[in-house]
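**Student:** I'll drop the sequence and a predicted model, then ask my questions.
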Amino acid sequence: LPHVRPGRNSAPLGRSRPTLPVRHPEGHYEIHIGDGALKHVGSTLRANGAPFGSRVAVVSNPVVAPLYAAQVEASLRRAELAPFICQMPDGERHKTLATVALLYEQFLAGELDRRDTVLALGGGVTGDVAGYAAAAYMRGVRLAQVPTSLLAMVDSSVGGKTGVDLPQGKNLVGAFKQPALVMIDPQVLSTLPAEEFRSGMAELIKHGVIADAELFVELERAAGQTTGMADLIARSLRVKIEVVQEDPFEQGRRAVLNLGHTVGHALEPLSEFTLRHGEAVSIGMAAAARIAVELGKAEAGLPERIESVLSAWGLPARCPSFDADAILAAMTRDKKKQGRAVRWILPRAIGQVEIVADVTPSIVKGVLRNLGARGGA
Ligand SMILES: NC(=O)c1ccc[n+]([C@@H]2O[C@H](COP(=O)([O-])OP(=O)(O)OC[C@H]3O[C@@H](n4cnc5c(N)ncnc54)[C@H](O)[C@@H]3O)[C@@H](O)[C@H]2O)c1
Ligand SMILES: [Zn+2]
């Protein structure tokens with residue numbers, strides 16, 4: 001991985017307003033991060049291509065819209081844009097083609113045109129659905145991402161992946177659709193439910209483990225203190241940006257972002273989705289660190305360091321008492337369907353990972369049992 005430079009911005013935590021540039025195959029865009037950023041959505045969108053008087057379809061849901069849509073609408077109007085609100089139902093189970101169709105009806109009713117903009121105001125579900133709708137509406141219209149969950153801020157709003165689920169599985173239909181702008185206002189995290197905050201923290205911490213040892217040290221120091229989120233979000237995003245810039249279409253290196261997801265993806269369905277995605281990834285990161293030690297790739301103290309940061313931020317490192325064989329089977333089932341072997345992303349040290357294809361089942365099961373899974377030798 002390329003070295004991720006520490007932020008240019010050395011203002012005290014919580015005081016900075018970083019702007020991060022992102023390159024992609026068709027051009028580039030900016031991510032603006034700062035407390036109060038919602039107030040500047042309109043002017044920033046104008047500065048990033050939305051023409052005078054053009055319409056903005058603000059896509060949100062019944063949870064987020066009552067909290068933040070009025071602020072966003074006012075900011076758009078001040079910038080002489082013409083916003084209208086489009087509603088979609090809340091929740092992963094509505095991340096569907098039917099919801100996309102519902103948005104198209106509202107776009108047409110609002111006379112959204114080719115020169116206009118779709119603005120996603122919400123968590124990762126809103127961003128994925130609105131982004132996918134924007135990719136195909138009139139063969140593609142401008143997209144602005146205004147992520148309001150921590151997961152959407154540090155993960156899903158950047159990288160260009162959009163899409164919906166099918167009854168057969170998650171994210172089976174989608175498109176690469178790059179935004180023209182991403183606006184992040186960490187103040188909106190004050191209304192995010194605690195379990196959603198934790199879930200997003202898992203991905204934020206993951207980025208530190210993958211490629212930014214200094215971010216990891218900040219996370220050790222801050223240990224659960226949620227002031228100064230703007231800086232932590234910016235540092236975490238830098239890691240994701242570096243990776244997706246190098247591999248925009250997910251052909252290789254982007255796999256490192258799956259740290260913790262090999263085990264995590266298996267635990268989610270086994271828990272009948274009582275484990276949140278981030279919690280499952282958290283346990284998965286602990287497992288990956290322990291496997292790295294077993295293989296002699298990492299020093300003995302690494303898992304403990306990772307696990308103590310995870311628990312400082314309210315995340316689990318212990319595995320529920322599922323059967324180790326069942327976890328292993330769930331991991332391989334996915335991959336067999338795609339005709340691929342399970343690939344492990346293993347931390348060698350804080351800020352450094354390696355992709356490993358051949359970890360023996362007995363090592364994996366041994367580690368899972370040490371973390372709390374059941375099952376004989
Ligand atoms: N496109 C990508 O690259 C990518 C990457 C990772 C995840 N994802 C997708 O992201 C989705 C998960 O995103 P998520 O965790 O944000 O879930 P989500 O969008 O369902 O948001 C979680 C809950 O928090 C609410 N919420 C959001 N912001 C809030 C705020 N500021 N105050 C109060 N409530 C708020 C939402 O309405 C929802 O009820 C999944 O569908 C996943 O597949 C996509
Ligand atoms: Zn994830």
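**Tutor:** Now that the structure is in, tell me what you want to look at. Ligands and ions are numbered 1, 2, ... in the order given.

**Student:** just the CA coordinates of the lowest-mean-pLDDT helix or strand in the chain, formatted as PDB?
**Tutor:** The least trusted helix or strand in the chain, going by mean pLDDT, DSSP states H and E, turns out to be helix 324-337, with a mean of 86. What follows is helix 324-337, C-alpha atoms only, in PDB (Å, rounded to 0.1, in the frame of the first residue of the first chain):
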ATOM      1  CA  ALA A 324     -16.600 -23.200  14.300                       C
ATOM      2  CA  ASP A 325     -17.300 -25.600  11.500                       C
ATOM      3  CA  ALA A 326     -20.500 -23.700  10.700                       C
ATOM      4  CA  ILE A 327     -18.600 -20.500  10.500                       C
ATOM      5  CA  LEU A 328     -16.000 -22.100   8.200                       C
ATOM      6  CA  ALA A 329     -18.800 -23.500   6.000                       C
ATOM      7  CA  ALA A 330     -20.600 -20.200   5.700                       C
ATOM      8  CA  MET A 331     -17.300 -18.600   4.700                       C
ATOM      9  CA  THR A 332     -16.500 -21.100   1.900                       C
ATOM     10  CA  ARG A 333     -20.200 -21.300   0.700                       C
ATOM     11  CA  ASP A 334     -20.100 -17.700  -0.700                       C
ATOM     12  CA  LYS A 335     -16.800 -18.200  -2.400                       C
ATOM     13  CA  LYS A 336     -17.600 -21.600  -3.900                       C
ATOM     14  CA  LYS A 337     -20.500 -20.000  -5.700                       C
END
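
**Student:** Relative to the whole chain's centre, how far out is that helix?
**Tutor:** 24 Å (Cα atoms, centre = their mean, to the nearest Å).

**Student:** Mind listing the strands the helix or strand following it pairs with, and their directions?
**Tutor:** Using DSSP states H and E, the next helix or strand after helix 324-337 towards the C-terminus is strand 344-349. Paired with strand 344-349 in the same sheet, following DSSP bridges, are strand 352-356 (antiparallel).

**Student:** Contacts for the strand it pairs with, please.
**Tutor:** By Cβ atoms under 8 Å, 6 or more residues apart in numbering, the residues outside strand 352-356 that reach it are 1, 209-211, 255-256, 259, 292, 295, 297, 343-348. All C-beta spots, glycine's among them, are computed from the backbone N, C-alpha and C.

**Student:** Could you rerun that using 10 Å?
**Tutor:** Strand 352-356 is contacted from outside by 1, 206, 209-211, 213, 252-253, 255-259, 288, 291-292, 295, 297-298, 342-348, using Cβ atoms under 10 Å, 6 or more residues apart in numbering.

**Student:** Just the buried residues of the residues you listed.
**Tutor:** 206, 209-211, 255-259, 288, 291-292, 295, 297-298, 342, 344-347 (16 or more other Cβ atoms under 10 Å).

**Student:** Stretch 32-51 near ligand 1 at all?
**Tutor:** No - Stretch 32-51 does not reach ligand 1 (Cβ under 6 Å from any ligand atom); its nearest approach is 10.5 Å.

**Student:** Quick one: end-to-end distance for that stretch.
**Tutor:** Terminal residues of stretch 32-51 lie 20 Å apart, using Cα to Cα, to the nearest Å.

**Student:** roughly how far out does that stretch sit from the chain middle?
**Tutor:** Mean C-alpha position of stretch 32-51 versus that of the full chain (Cα atoms, centre = their mean) differs by 21 Å.

**Student:** Equivalent analysis for stretch 141-153, please.
**Tutor:** Distance, centroid of stretch 141-153 to centroid of chain: 10 Å (Cα atoms, centre = their mean).

**Student:** Next: stretch 170-190.
**Tutor:** 8 Å.

**Student:** cool, stretch 42-52 as well?
**Tutor:** 25 Å.

**Student:** quick check: mean pLDDT across it?
**Tutor:** For stretch 42-52, mean pLDDT rounds to 98.

**Student:** taking the buried ones among the contacts of strand 352-356 one by one, which sit in helices?
**Tutor:** Among these, the members falling in helices are 206, 209, 210, 211, 288, 291, 292 (criterion: DSSP state H).

**Student:** Now for these: which two are most distant?
**Tutor:** 211 and 291 (19.1 Å; Cβ to Cβ).

**Student:** Could you pull out the strands in this structure for me?
**Tutor:** Counting by DSSP state E, the segments of the chain that form strands are 19-24, 27-33, 55-60, 82-87, 117-122, 142-147, 161-166, 169-176, 181-184, 344-349, 352-356.

**Student:** any chance of the ones you listed in JSON lines, plus mean pLDDT?
**Tutor:** JSON lines is the format used below for the strands of the chain (pLDDT from 0 to 100):
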{"stretch": "strand 19-24", "mean pLDDT": "96"}
{"stretch": "strand 27-33", "mean pLDDT": "97"}
{"stretch": "strand 55-60", "mean pLDDT": "99"}
{"stretch": "strand 82-87", "mean pLDDT": "98"}
{"stretch": "strand 117-122", "mean pLDDT": "98"}
{"stretch": "strand 142-147", "mean pLDDT": "98"}
{"stretch": "strand 161-166", "mean pLDDT": "98"}
{"stretch": "strand 169-176", "mean pLDDT": "95"}
{"stretch": "strand 181-184", "mean pLDDT": "98"}
{"stretch": "strand 344-349", "mean pLDDT": "97"}
{"stretch": "strand 352-356", "mean pLDDT": "96"}
